[in-house]
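Trainee: here are the coordinates; sequence isn't available:
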């Protein structure tokens, strides 16, 4: 993926000190949107091949689905809710794995996990997914809060090596970047095969596949942008769209009526686990 993955020359957006990001965070967002977000991220060919060709077995979801899910979710929580020292500690932990993720002589595309342009794309996918699911489940944010939420989500990239100036300066600029970059997305056969295994939950035992894969595939299909859905060979109808909208709004209505600690599950638990591991001198990942 080239062209649209370019840096901006603008300063970082202004942060709002009174903004409470936890008002817009729900544990179900990670549950519902995880696989869809992975597909979006890997639709950038360098990211896709970086995952498919990775030699870091400990980070492969098909081999270690629970561990990989925990470490990924912990990164998201630390990026959004952690303090500077926690973000720095997790950055170093992720960097240890990322140092080995780089293209080789036979790789179809060049990639390096430290490339800030690729980290921008991953961060953009995470923000887009969080915003999309929030709006589907709870309705639109106010303009002021939508701006503050967008600014805060730059942390998805700046917690690693993405400089703040690379994050598009406002939501309009982001939407332009998103549309242009998504239009250049590709799903080469090796990446597509990997993603379909993920969609069909091939990393889990057979009973889980048989009981959950059908619903999971339907959910992923409904949350994907139509072009990527088509490239994965998934079908979707107007009836499916209505059913998904009803489901998400129903879950959202329930979430709005439960205590914050419950609706943030498992975010606080993961952050507490990280803090405990640091106190005990254990590796955060």
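Mentor: Cool, got the structure. All figures in this text were calculated on a predicted structure; none of them were measured in a lab.
Trainee: quick one: contacts for residue 161?
Mentor: Residues near residue 161 by C-beta atoms under 8 Å, 6 or more residues apart in numbering: 114, 116, 119. For glycine as for every other residue, the C-beta is placed from the backbone atoms N, C-alpha and C.
Trainee: quick one: secondary structure of it?
Mentor: Here residue 161 is recorded as coil under DSSP: H, G, I helix; E, B strand; the rest coil.
Trainee: ok, it to residue 46 distance?
Mentor: In this view, residue 161 and residue 46 are 15 Å apart by C-beta to C-beta, to the nearest Å.
Trainee: between the contacts of residue 161, which sits nearest residue 214?
Mentor: The shortest approach to residue 214 among those belongs to residue 119, at 33.9 Å (C-beta to C-beta).
Trainee: nearest residue to the closest one other than its sequence neighbours?
Mentor: Closest residue to residue 119 in three dimensions, ignoring its sequence neighbours and counting by C-beta to C-beta, 6 or more residues apart in numbering: residue 162, at 4.3 Å.
Trainee: again with residue 159
Mentor: If you skip the residues right next to it in sequence, residue 159 has residue 79 as its closest partner in space, 4.2 Å away by C-beta to C-beta, 6+ apart.
Trainee: low-confidence ranges in this protein?
Mentor: In the prediction, the chain carries residues with pLDDT under 70 at positions 1-17.
Trainee: swap the cut-off to 80 and go again
Mentor: Applying pLDDT under 80 to the chain flags the ranges 1-18, 57-59, 284-285.
Trainee: where along it do the helices fall?
Mentor: With DSSP state H as the definition, the chain shows helices at residue ranges 27-42, 45-52, 65-81, 84-98, 116-138, 143-152, 155-158, 171-183, 189-199, 206-223, 226-231, 238-255, 260-263, 267-279.
Trainee: so which bits of the first one are buried?
Mentor: The neighbour-count criterion (16 or more other C-beta atoms under 10 Å) identifies 27-30, 32-42 as the buried residues of helix 27-42.
Trainee: what does the fifth one give?
Mentor: Under the neighbour-count criterion of 16+ other C-beta under 10 Å, helix 116-138 has 116-134, 136-138 buried.
Trainee: thinking again about what came up before, can you add distance to residue 105 and give the helices of the chain back as CSV?
Mentor: Listed next are the helices of the chain as CSV, based on distance: least, C-beta to C-beta, whole Å:
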stretch, distance to residue 105
helix 27-42, 22
helix 45-52, 13
helix 65-81, 27
helix 84-98, 20
helix 116-138, 20
helix 143-152, 40
helix 155-158, 29
helix 171-183, 27
helix 189-199, 17
helix 206-223, 34
helix 226-231, 28
helix 238-255, 44
helix 260-263, 48
helix 267-279, 37
